[in-house]
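Quick one: sequence plus predicted model below, questions after.
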Amino acid sequence: MSSKAHARVGLTRHRRRPGTPMYTMEYTFDCSGGNLNLYEGNKHLGMYGKYKLSDVLSLRINDEHRLEYLVNNLVIHTSDHKTVAYPLYAQAALYGSNAQLTNMKWVGERKVFKGVLA
């Protein structure tokens, strides 16, 4: 994904319906202009550095039932929410012709979402 591309990927409690804004995701990686931002709902949690095209972004539920944001298997943020509500659905939004995500997976019982920027 070029630094001019913009992509959002995350988890939501609601199935997306046509016309629903993508900003309804509860837990979101926002990749734009080479920057990696985190959101929970409409709340911007901050910029968490730059991303590389080879970075693996993951969302997982820890043993305390709190959501963790990971980059290359390193936790960069743990949600302040006491517990995660279910069900959860993966959701992505790509803006511009250069935006793409590859190798998106829903993995195992621990409910881990992984994706690689390309």
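Sure, I can see it.

Could you check the pLDDT of residue 75?
Residue 75 is assigned a predicted lDDT (pLDDT) of 97.

and the closest residue in space to residue 95 that isn't next to it in sequence, how many neighbours?
Of all residues beyond its chain neighbours, the one nearest residue 95 is residue 6 (4.0 Å), with distances taken as CB to CB, 6 or more residues apart in numbering. No exception for glycine: its C-beta is placed from N, CA and C like everyone else's. One way to gauge burial is a neighbour count; for residue 6, by other CB atoms under 10 Å, it gives 17.

ok, residue 6 touching residue 32?
Yes - checked against CB atoms under 8 Å, the pair residue 6 and residue 32 is within contact range at 4.2 Å.

just checking, next helix/strand downstream of the strand or helix carrying residue 11?
Assigned by DSSP states H and E, residue 11 belongs to strand 6-12. Downstream of strand 6-12, the next assigned helix or strand under DSSP H and E is strand 27-32.

Mind listing what's buried along the following helix or strand past that next one?
Of the helices and strands lying after strand 27-32 in sequence (DSSP H and E), the nearest is strand 35-40. Judged by neighbour count using 16 or more other CB atoms under 10 Å, the buried positions of strand 35-40 are 36-40.

any weak-confidence spans in this structure?
Low-confidence regions of the chain, defined here as pLDDT under 70, cover residues 1-4, 16-23, 108-118.

Give me the helices and strands touching the strand holding residue 11, please.
Packing partners of strand 6-12 (3 or more CB pairs under 8 Å, 6 or more residues apart in numbering; DSSP states H and E): strand 27-32, strand 56-61, strand 89-95, strand 101-107, strand 112-117.

Sounds good, over and out.
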